[in-house]
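# Generate coordinates for the sequence data below:
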Amino acid sequence: MPATVSDEVAAQLESLGIRRDSYTLEPLNRVQKYIAGRLTDAARDVPTFPLTVDLHIDALLAARTEFNAKHSSRVSVNDLIIKASALSLQKVPAVNSSYTPLGIVRHQHVEIAVAVAAPSGLITPIVRDAETKTVLQISSEVRDLAERARIARLKADEYMGGTFCISNLGMYGITSFGSIINPPHAAILSIGAGKPTPVVIAGEVRVATVMNVTMTCDHRVVDGATGATWLKAFRECIEQPAVLFE
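Modelled structure (predicted):
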């Protein structure tokens, strides 16, 4: 609920150029304060760089359609991206790490945070031990976490921590973007919308569904070559998707 603005608060806002009696003020809740603090610290203190690649996803979309036709529960493209990320983090474990003042932490399990838009703001519930789970298990868990995130029913240990993050704005029609790393993650993967695009394949121009992804890396943990190696492994999972359904 909007808060009643005291003269003291109104004066502080006025010093920022916000005119009196021209707004309502919604106080930050606990989650918003936590997220704002973490991202402000990250934007200020973490040296980052982006790596961007276009992926052909027609095989992925076809495999998903075939898989869903055989199962009562449906999996989304985002579920498959989470699975592909988990497999890639196993192949390139250097990315599944965290920078700390005490040293680089090498995580033994893959814990993928998934950005979810909630009324209180963006929150990142975590799929723990993602490397051990099938795509159906991931799908069920993500639905549960997302539903409870939207009604503010997550426990703190369900959105704090993790080893890697995924932010997908493809469903909003965004084709390309970058994200701010949320420590202790060493990287975040930003997923754009797949769209039909002319591409050259075997010397011929064809139309393929292309999805742009940008990986923002913490340079203290992930250098360019390591990030590129991870994206190569991720590309193989997405463009040769049979491994995602094993």
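
# Every contact and neighbour count from this point should use C-alpha atoms.
Noted.

# Any chance you could list what contacts the helix or strand that contains Ala208?
Using DSSP states H and E, Ala208 sits within strand 204-218. With contact meaning CA atoms under 8 Å, 6 or more residues apart in numbering, strand 204-218 is reached by 46-58, 175-181, 186-200, 223, 227, 231.

# which among these end up buried?
46, 48-50, 52, 55-58, 175-181, 186-195, 227, 231 (16 or more other CA atoms under 10 Å).

# Just the ones of those residues in helices?
Within these, residues falling in helices by DSSP state H are 58, 227, 231.

# Return the list of strands paired to the lowest-mean-pLDDT helix or strand in the chain, each annotated with direction.
Using mean pLDDT, DSSP states H and E, strand 121-123 stands out as the lowest-scoring helix or strand of the chain, at a mean of 84. When pairs are called by DSSP bridges, strand 121-123 turns out to pair with strand 116-118 (antiparallel).

# Please identify the buried residues of the least confident helix or strand of the chain?
Buried, per 16+ other CA under 10 Å, within strand 121-123: 122-123.

# How far does that strand sit from its chain's centre?
With CA atoms, centre = their mean, to the nearest Å as the basis, strand 121-123 stands 12 Å off its chain's centre.

# contacting residues around that strand?
Here strand 121-123 has contacts from 32, 35, 115-117, 149, 159, using CA under 8 Å, 6+ apart.

# Filter those down to just the ones in helices.
If you go by DSSP H, those have 32, 35, 149 in helices.

# Can you lay out the residues you listed as CSV showing pLDDT?
Formatted as CSV, these follow (pLDDT from 0 to 100):
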residue, pLDDT
Gln32, 81
Ile35, 81
Ala149, 91
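
# now, among those, which is nearest to Ala42?
Lowest distance from Ala42 to the ones in helices among the contacts of strand 121-123 (CA to CA) belongs to Ile35, with 10.5 Å.

# Any idea how many residues pack against that closest one?
The number of residues packed near Ile35 is 17, by other CA atoms under 10 Å.

# list the contacts for the residue most central in space within the chain?
Central residue of the chain (CA atoms, centre = their mean): Ile166, 1.5 Å from the mean position. Neighbour list for Ile166: 82, 112-115, 188-191 [criterion: CA under 8 Å, 6+ apart].

# Helix, strand, or coil at it?
The local conformation at Ile166, judged by DSSP: H, G, I helix; E, B strand; the rest coil, is strand.

# Pairing partners for it in the sheet, please.
Val114, Leu189.

# contacting residues for Asn182?
Counting by CA under 8 Å, 6+ apart, Asn182 touches 38-39, 42, 165, 188.

# And those, which of them are buried?
Among the contacts of Asn182, those scoring as buried are 39, 42, 165, 188 (criterion: 16+ other CA under 10 Å).
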